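Peer 1: can't give you the sequence, but here's the structure:
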């Protein structure tokens, strides 16, 4: 889950942040660091809103130029968004996923909630119930 945020100068050093792939949502940061933090928070909000509504997540596009900055969700939130994509494309109902996992249906929603701290073993089990495998990758920091 990596999307490009568009940073537009808004005067006196502040930056207005949008995500063109979503077509809605805006935030602002007064410094470069605050803009980075706000872009991560905005991306999380946009993705969670799509999940809450049951909407398809937009495909990340390529946006070249100096005004665009790649924003990545933290690992667990990324896994939750990917799980949502896999679940949605499977056509399975939440009740069936809950049955396969041996958990109440209400707990399935927590697996898709970016604000809820699910355990990694729960995420792995959910992917396995959808005939997928969760893999992690480690790479050099930029």
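Peer 2: Cool, the structure landed. In this text the structure is predicted, and so the values were computed from the model without any measurement.
Peer 1: for the closest residue to residue 22 other than its chain neighbours, the count of nearby residues, please.
Peer 2: Once flanking residues are discounted, residue 22 sits nearest to residue 46: 4.8 Å by Cβ to Cβ, 6 or more residues apart in numbering. No exception for glycine: its C-beta is placed from N, CA and C like everyone else's. By other Cβ atoms under 10 Å, 21 other residues sit near residue 46.
Peer 1: now do residue 35
Peer 2: Neighbours of residue 35 using other Cβ under 10 Å come to 22.
Peer 1: for this protein, what spans make up the helices?
Peer 2: 32-53, 75-90, 94-101, 105-112, 120-129 (DSSP state H).
Peer 1: can you put those helices in JSON lines and add mean pLDDT and distance to residue 9?
Peer 2: Formatted as JSON lines, the helices of the chain follow (pLDDT from 0 to 100; distance: least, Cβ to Cβ, whole Å):
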{"stretch": "helix 32-53", "mean pLDDT": "95", "distance to residue 9": "10"}
{"stretch": "helix 75-90", "mean pLDDT": "97", "distance to residue 9": "28"}
{"stretch": "helix 94-101", "mean pLDDT": "97", "distance to residue 9": "44"}
{"stretch": "helix 105-112", "mean pLDDT": "94", "distance to residue 9": "36"}
{"stretch": "helix 120-129", "mean pLDDT": "97", "distance to residue 9": "39"}
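Peer 1: care to break this protein down by domain?
Peer 2: Under the assignment automatic domain parsing, the domains of the chain span 2-72, 75-129.
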